[in-house]
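Colleague: Next comes the sequence, and after it the predicted model I'd like to discuss.
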Amino acid sequence: MGLRDVLLGRKKLAGPARERLFALATAAVTLDTELGLRPAGAGAIVFKPLSSGDFVRAESDIQQLLEGVAGDSGSKIERRDDSFGYTWIVVRDPDLQDQVTGVHAVAQGLEEQGFGPQLLAAVFKFDGGKHPVYWIYGYKRGAFWPFVPTGEGQERDNAEELELKAKLDPELPIEPELSRWFGVFDAPL
């Protein structure tokens, strides 16, 4: 398939594999035993809501989905909007597998409603290091990257992020382009 086929609509590009998100639950053993990082009890999906009527109609389906996810896993789920206009669905649960499953279910529900292109990232917080560590999964690229804010304004610990990349690269699909490792300062986790 060439670029011309894509541009002319003959073939569609494959979307990123949603199931790659579950690799984080598998990597939790390495995060804990080798790096001393443990789930902080919260993960989230962040997306850009549309102001269209279709999205408003999908809201009730999304709410039912959230209630179902919370009921099945015992997780607490909350919705937050940030100052940039993005919506966060936060899954609070001490079990990382339940966090990942909840975030995946919300993403799948949004995709089924036709809002897959609005999915930006899934974010999972870990404690145990010098600073909190966030593992971010970018839906557009189907890959993870670490984010380590220092707590000093918009500063981040790039050396720690690169070390995390090196140690988790065998277990997680890591975003190869460092310029795409955006930070999520002030994430509601």
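Modeller: Now that the structure is in, tell me what you want to look at.

Colleague: gap between the residue lying closest to residue 68 once chain neighbours are set aside and residue 66?
Modeller: Closest residue to residue 68 apart from its sequence neighbours, by CB to CB, 6 or more residues apart in numbering: residue 105 at 7.8 Å. Using the backbone N, CA and C atoms, a C-beta is placed for each residue, glycine as well. Distance of residue 105 to residue 66, given as CB to CB, to the nearest Å: 9 Å.

Colleague: what's near enough to touch the most centrally placed residue in the chain?
Modeller: The chain has residue 122 as the residue nearest its centroid, 0.9 Å off, counting by CA atoms, centre = their mean. Shown in contact with residue 122 (CB atoms under 8 Å, 6 or more residues apart in numbering): 21, 43-46, 103, 107, 136-137, 139.

Colleague: Next one: the residue nearest to it when sequence neighbours are not counted relative to residue 67, how far apart?
Modeller: Spatial nearest neighbour of residue 122, excluding adjacent residues (CB to CB, 6+ apart): residue 137 at 4.2 Å. Using CB to CB, we find residue 137 at a distance of 24 Å from residue 67.

Colleague: All the strands of the chain, residue numbers only.
Modeller: 38-47, 76-81, 87-92, 119-127, 133-138, 143-147 (DSSP state E).

Colleague: Per-residue pLDDT of residue 2, please?
Modeller: At residue 2, the model reports a pLDDT of 42.

Colleague: returning to what we had before: a markdown table for the contacts of residue 122, including neighbour count, pLDDT and distance to residue 163?
Modeller: Formatted as a markdown table, the contacts of residue 122 follow (neighbours: other CB atoms under 10 Å; pLDDT from 0 to 100; distance: CB to CB, whole Å):
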| residue | neighbour count | pLDDT | distance to residue 163 |
| --- | --- | --- | --- |
| 21 | 23 | 92 | 23 |
| 43 | 30 | 95 | 22 |
| 44 | 28 | 95 | 24 |
| 45 | 24 | 93 | 27 |
| 46 | 24 | 94 | 25 |
| 103 | 27 | 91 | 25 |
| 107 | 21 | 88 | 29 |
| 136 | 21 | 97 | 16 |
| 137 | 30 | 97 | 19 |
| 139 | 24 | 94 | 25 |
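
Colleague: Would you reformat the residues you listed as JSON lines and include distance to residue 90?
Modeller: Output for the contacts of residue 122, formatted as JSON lines (distance: CB to CB, whole Å):
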{"residue": "21", "distance to residue 90": "16"}
{"residue": "43", "distance to residue 90": "8"}
{"residue": "44", "distance to residue 90": "4"}
{"residue": "45", "distance to residue 90": "9"}
{"residue": "46", "distance to residue 90": "10"}
{"residue": "103", "distance to residue 90": "9"}
{"residue": "107", "distance to residue 90": "14"}
{"residue": "136", "distance to residue 90": "14"}
{"residue": "137", "distance to residue 90": "15"}
{"residue": "139", "distance to residue 90": "17"}
